[in-house]
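S.K.: what's the 3D shape of this:
(one chain, ligands or ions: 1)
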Amino acid sequence: MRQVLQHLEHLARLTRGKDRDSLDVTLVEVLRSLLDARSVALREVLVEDGVDRLLTRGQLEEGMTAPAAPPPPDALSALPRLDADPEAAEALRARHTRVHAGPNGYRILVPVLTESGRRLLIDAVRDHEPEEYQLRVVEGMARIFENVVNLLDASERDTLTGLLNRKSFDDTFYKVTRGAALASEGRGQRRADDGTYWLAVVDVDHFKQVNDRYGHLIGDEVLLLMARLLRGSFRHDDRVYRFGGEEFVALVRAGDPAAAAAAFERLRRTVEAHPFPQVGRVTVSIGFTRLRPHDTPADAFERADRAVYLAKAQGRNTVRCFDTDIGADAAPAPRESQGDVELF
Ligand SMILES: Nc1nc2c(ncn2[C@@H]2O[C@H](COP(=O)(O)OP(=O)(O)OP(=O)(O)O)[C@@H](O)[C@H]2O)c(=O)[nH]1
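M.R.: Residues are numbered from 1 along each chain as shown. Next comes the predicted model:
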């Protein structure tokens, strides 16, 4: 009976989390307690240039009281390769729990594969061989965790492109600007690029003509491919959103205006060079702005949107920065076409 109550308590904790970070941490804590494990980690497979790498999303090692995730590296290439860990690779490939006995104890690997295609892996080590019953409970917890992740994904993602939707934008925005505020006051974590973030609005040029000439289905296909190009253009911890329509938003970390401009210019060129099936050449206009320590999502969006408007007025298929091309002190002037999509 005590055990059942304990499991129920774990279940309640696991399904309480409303954001990903706390959910990952709770899973690690729950599994450590369930397995009486020496260490528990939750890892995720990220892919760069066709190479699978393992990012640790949360871990509890011996002597630690609270789970922690090492800060994500700037480049995915700094992460360990999945093929350097054959046991982990095999468990993911088999989509099945694996237990390996080794000199350091018993390693328990439980894959978690989400509907959106994410590949996660529970990686626990304990001194004694786990009982069958314990493994079944851990697998049950993993399935519940997977369901919660699927629900979170569904509520945070745009159904057409799979990109993040408007709902998750504000949270991330405030996390990022809070970090920038702390850094500007000399507190908080400093990184090589000083935690400077940029908000870009990426707007497909003459998209109405694509729909009119080729139909909405082909238009949707263009948006899907555009989403893929956007995702592939930025670093793994940058965020790409579609709030609706043919307008995308990117939240990108870069050290200075030149580095940010280079990233957005690279995206512009990638889109221009991409052969879109049936349609051929499609271009985008991009406007971006630096996030300020006490910004609101609406203010930052409006600045980036004004830079897009400038890019459109100056011939499209171009990148403009609000801060350097329009001026940081310019008075706000709502864009005429903003009525298309109701934002903020
Ligand atoms: N296929 C498809 N079309 C969409 C979607 N959302 C919005 N649109 C269309 O996107 C078009 C946007 O057109 P406009 O805002 O007039 O701008 P534009 O033709 O892209 O021209 P510029 O932005 O001035 O370069 C409209 O025709 C919308 O109907 C969608 O989810 N799928």
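S.K.: give me the residue from the stretch 1-150 of the chain nearest the ligand.
M.R.: Of all residues in the stretch 1-150 of the chain, the one sitting closest to the ligand is residue 116 (19.1 Å; C-beta to the nearest ligand atom). Heads up, the C-betas are built off the backbone N, CA and C, glycines and all.
S.K.: How many residues are close by that residue?
M.R.: 13 (other C-beta atoms under 10 Å).
S.K.: Apart from its neighbours in sequence, what residue is nearest it?
M.R.: Of all residues not flanking residue 116 in the chain, residue 153 sits nearest, at 4.7 Å (C-beta to C-beta, 6 or more residues apart in numbering).
S.K.: wait, doesn't that neighbour sit right on residue 120?
M.R.: No: assessed by C-beta atoms under 8 Å, residue 153 is found out of contact with residue 120, at 12.0 Å.
S.K.: Give me the common contacts of those two.
M.R.: residue 114 (C-beta atoms under 8 Å, 6 or more residues apart in numbering).
S.K.: Looking at the two, which one has more neighbours?
M.R.: residue 120 (23 against 17).
S.K.: Three-state assignment for that one, please.
M.R.: strand (DSSP: H, G, I helix; E, B strand; the rest coil).
S.K.: ok, what's across the strand from it?
M.R.: residue 44, residue 112 (DSSP bridges).
S.K.: for whichever residue of the chain sits closest to the ligand, what are its contacts?
M.R.: The nearest approach of the chain to the ligand comes at residue 219, 2.7 Å away (C-beta to the nearest ligand atom). Applying C-beta under 8 Å, 6+ apart, we find residue 219 in contact with 207, 210, 211.
S.K.: closest to residue 240 among those?
M.R.: residue 207 (17.5 Å; C-beta to C-beta).
S.K.: Could you give the number of residues near residue 270?
M.R.: 14.
S.K.: could I have the helix or strand containing it exported to PDB, CA atoms only?
M.R.: Secondary structure assignment for residue 270, by DSSP states H and E: helix 257-273. In PDB, the C-alpha atoms belonging to helix 257-273 read as follows (Å, rounded to 0.1, in the frame of the first residue of the first chain):
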ATOM      1  CA  PRO A 257      24.600  43.600 -35.000                       C
ATOM      2  CA  ALA A 258      27.100  42.400 -37.600                       C
ATOM      3  CA  ALA A 259      26.900  38.800 -36.300                       C
ATOM      4  CA  ALA A 260      23.100  39.000 -36.200                       C
ATOM      5  CA  ALA A 261      22.900  40.500 -39.700                       C
ATOM      6  CA  ALA A 262      25.200  37.800 -41.000                       C
ATOM      7  CA  ALA A 263      22.900  35.100 -39.600                       C
ATOM      8  CA  PHE A 264      19.800  36.600 -41.100                       C
ATOM      9  CA  GLU A 265      21.600  37.400 -44.400                       C
ATOM     10  CA  ARG A 266      22.600  33.700 -44.600                       C
ATOM     11  CA  LEU A 267      19.000  32.700 -44.200                       C
ATOM     12  CA  ARG A 268      17.900  35.200 -46.900                       C
ATOM     13  CA  ARG A 269      20.400  33.700 -49.300                       C
ATOM     14  CA  THR A 270      19.500  30.100 -48.400                       C
ATOM     15  CA  VAL A 271      15.800  30.800 -49.200                       C
ATOM     16  CA  GLU A 272      16.700  32.600 -52.400                       C
ATOM     17  CA  ALA A 273      18.800  29.600 -53.600                       C
END
